[in-house]
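Peer 1: just coords:
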């Protein structure tokens, strides 16, 4: 079974260790500017939202690519960009509804999350478990369980 | 590697920007950030120079570990001659600005001269230019960041800037980055303002590499494990630094009403529990904790003020969350001015961040003004009609804003406590050292803290040494000199790496040694890195001696030396500084006049 990144913004402290780990894995340098996961902050840092590719089953980026440089990794389910095929046309960056595919000016290709081949470094680096790597059909159930528990407990008062 | 090996020198007088290679000989002697920038400062200016003159030099410095995977790697320091102390100023900050500066490819920015008109510095990797500030001058720190991001159409810009307080020369104006992180102490923001420099906006995409990446990642993993499991770390994550207030209250070291007392009856309303208390209308001040760049601890607090609170009831612009209270701020707006209204404290904290001021210095200055007011030395005529009684939350709120905007009595408070107390003929009411106000620890209860305050090179400071343990164990002046000296050197070393002070609850010299040795070329032993710390401390002292300071400046106010603590565990005690100082000078290899001897300088290779 494929796994997917599960992101819980409420746990994110905005430390950016995920961005450093991602960039180190993919470029050999600590360089958040080239990370494939990004943290966005709102309201003076009250909210910090980790954002990256969710690996759509029916991926817009993959369908938009005119040179078939984006393929499905059978092992991980990730939509991988083949840098040697990518011509840097950026059509996929327009096609992605979430903005999770980006152009890297240094390689002149697009880059996106590839789940680090099944061992995502962002999840490993996250100190608060705001990013975890779980079975893909499991996302949502932890929250459902949490609210189910709150709903049935006698102490629940809204 | 670790270092970017590049310095950017900016001549503000003519707008010229030049790159130069980092002096690696100095980097091997002083590591980076605090130490290395102190060396550059010493070599680039005459210490006698007036701090507010164009001849003062302002340095922004990162360390070799800044921007790396080492925990708390977001830090940078600002080094200059301080206008509050006329001594070397060394003020570091977290947030994300420091790492971004490093990613742009620079170890140090050296700012010289004075711009003829207000300007800001815009850096995009290799491209750096001095641009006219225009309408930016006069804006708050918060508006400045928003203006720069929108003008340059770059949400990724990281900004360090000054508010009106810095523009107008409030002596303890700070430099604020990322909205509520600051190079807070010693008035570095006033120096920036004196140079007509409003802001530095930076975006860096070049990244940072280390000498031995595999070993570095392994070391980082191991030392991070120590940090994650450390009890001190857990406390900071859960409660923030403000958990300290209860300890100080219990111990009787919580400076209250301008150090007339050492315990504060209202402490429980503003400590780490007070901020989480639910008001009758359901409002809770504390929202969540947030981290600086690369930090595993996340001691930072995010808070909001009750919309019905008198400070903001008709001011929607403050109905948003922002930086919450940490211990020093809670102390400086709480016990030392006698206020226990958590939302008033938070409002004053917003003012500090929005207008760019050091909360410690502001609070302790206000405390002295309150004492002068209660003595009848100043009256409502001086204070714009505001009753400056201890405990008046409204006075705290009004005066924090007036000082930030440099209006009315705020201009007097902007002098700092020392200059204000001298102005009114009561220099003895200044609670600080070398012109800089005390942090939230009373030197009668914590003797080693008193020694640390008196000998800190940037004036009274709690962050440049660590004698808590020995102070708690023994409330006399016995045996404080050695741990004070050793911890000063240790902190000078870790400040020079580019990391935060707080992991030091879990890390000692071996951990810093391993990280530095893996990240930087060359062989870095524990002895060597600690010697770098001692070298830095001694060089700072040399700067101060050359600036005209003497052993007579290593002292404390008469209140701490003569008036016994009225309550608490140290009841009846005064600070035994007179005993500790000679022992300390001897420990350092300095003469009885506090001057580093030629032998000491030679041993450390300081020329």
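Peer 2: Perfect, thanks for sending it. Note that the structure is predicted; figures quoted are calculated from it, not measured.
Peer 1: burial count for residue B:578?
Peer 2: A count of neighbours around residue B:578, defined by other C-beta atoms under 10 Å in any protein chain shown, yields 12. For the C-beta atoms, the positions are set from N, CA and C on the backbone; glycine is no exception.
Peer 1: give me the element it is part of.
Peer 2: helix B:577-588 (DSSP states H and E).
Peer 1: same question for the helix or strand following that helix, mean pLDDT?
Peer 2: The helix or strand immediately downstream of helix B:577-588 is helix B:598-604, counting by DSSP H and E. Helix B:598-604 comes out with an average pLDDT of 98.
Peer 1: again with stretch A:108-125
Peer 2: So the average pLDDT for stretch A:108-125 ends up being 98.
Peer 1: what's the helix holding residue B:578 in contact with?
Peer 2: B:443, B:447, B:450-451, B:454-455, B:477, B:480-482, B:484-485, B:538, B:551, B:554-556, B:560-561, B:591-592, B:594, B:596, B:600 (C-beta atoms under 8 Å, 6 or more residues apart in numbering or on different chains).
Peer 1: what's the answer for stretch B:372-382, then?
Peer 2: Residues outside stretch B:372-382 that contact it (C-beta under 8 Å, 6+ apart) are B:369, B:383, B:386-390, B:409, B:412, B:421, B:424-426, B:429.
Peer 1: so what's the nearest residue to residue A:90 once chain neighbours are set aside up against?
Peer 2: Leaving aside its sequence neighbours, residue A:90 sits nearest to residue A:103 (C-beta to C-beta, 6 or more residues apart in numbering or on different chains; 5.4 Å). Counting by C-beta under 8 Å, 6+ apart, residue A:103 makes contact with A:88, A:90, A:93, A:109-111.
Peer 1: next, give phi and psi for residue A:103.
Peer 2: Main-chain torsions, residue A:103, degrees, to the nearest 10: phi -90, psi 130.
Peer 1: give me the distance between whichever residue of chain B sits closest to chain A and residue B:27.
Peer 2: Nearest residue of chain B to chain A: residue B:207, at 2.8 Å (C-beta to the nearest C-beta). Using C-beta to C-beta, to the nearest Å, residue B:207 is found at 19 Å from residue B:27.
Peer 1: got the residues of chain A near chain B?
Peer 2: Chain A comes close to chain B at residues A:13-17, A:20-21, A:23-24, A:27-34, A:43-46, A:48, A:105, A:125, A:127-128, as judged by C-beta under 8 Å from any C-beta of the partner chain.
Peer 1: now, which of the residues you listed lie within strands?
Peer 2: residue A:48 (DSSP state E).
Peer 1: of the residues of chain A next to chain B, keep whichever come out buried.
Peer 2: Buried by 16 or more other C-beta atoms under 10 Å in any protein chain shown: A:13-17, A:20-21, A:23-24, A:27, A:29-34, A:44-46, A:48, A:125, A:127-128, out of the residues of chain A next to chain B.
Peer 1: from the residues you listed, which land in helices?
Peer 2: A:17, A:20-21, A:23-24, A:27, A:125 (DSSP state H).
Peer 1: which parts of chain A are strands?
Peer 2: Assigned by DSSP E, chain A shows strands spanning A:3-7, A:38-42, A:47-51, A:70-72, A:79-81, A:102-104, A:109-111, A:131-135.
Peer 1: a markdown table for the contacts of residue A:103, including neighbour count and distance to residue B:275?
Peer 2: A markdown table is the format used below for those (neighbours: other C-beta atoms under 10 Å in any protein chain shown; distance: C-beta to C-beta, whole Å):
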| residue | neighbour count | distance to residue B:275 |
| --- | --- | --- |
| A:88 | 13 | 50 |
| A:90 | 15 | 47 |
| A:93 | 16 | 43 |
| A:109 | 19 | 48 |
| A:110 | 24 | 45 |
| A:111 | 19 | 42 |
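Peer 1: and which of the residues you listed is nearest residue A:136?
Peer 2: residue A:111 (22.1 Å; C-beta to C-beta).
Peer 1: so who does residue B:500 touch?
Peer 2: So residue B:500 contacts B:72, B:74-75, B:94, B:292, B:295, B:297 (C-beta under 8 Å, 6+ apart).
Peer 1: for those, which one is nearest residue B:354?
Peer 2: Looking across the contacts of residue B:500 and measuring by C-beta to C-beta, the closest to residue B:354 is residue B:94, at 18.2 Å.
Peer 1: just give the closest residue to that closest one, not the sequence neighbours.
Peer 2: residue B:292 (3.3 Å).
Peer 1: in three-state terms, label the one you found for me.
Peer 2: coil (DSSP: H, G, I helix; E, B strand; the rest coil).
Peer 1: how near is it to residue B:180?
Peer 2: 11 Å.
Peer 1: who has more neighbours, these two?
Peer 2: residue B:292 (29 against 23).
Peer 1: what average pLDDT does stretch B:570-581 get?
Peer 2: 97.
Peer 1: and the end-to-end length of that stretch?
Peer 2: Taking C-alpha to C-alpha, to the nearest Å, stretch B:570-581 runs 20 Å from one end to the other.
Peer 1: now that stretch: buried residues?
Peer 2: B:570, B:573-577, B:579-581.
Peer 1: and for stretch B:238-247?
Peer 2: Quick answer for stretch B:238-247 (16+ other C-beta under 10 Å): B:239-246.
Peer 1: which ones among those residues map onto helices?
Peer 2: Among those, the ones falling in helices (DSSP H) are B:239, B:244-246.
Peer 1: could you say which of the strands of chain A is packed most deeply?
Peer 2: Of all the strands of chain A, strand A:79-81 carries the top mean neighbour count, a mean of 23, counting by mean count of other C-beta atoms under 10 Å in any protein chain shown.
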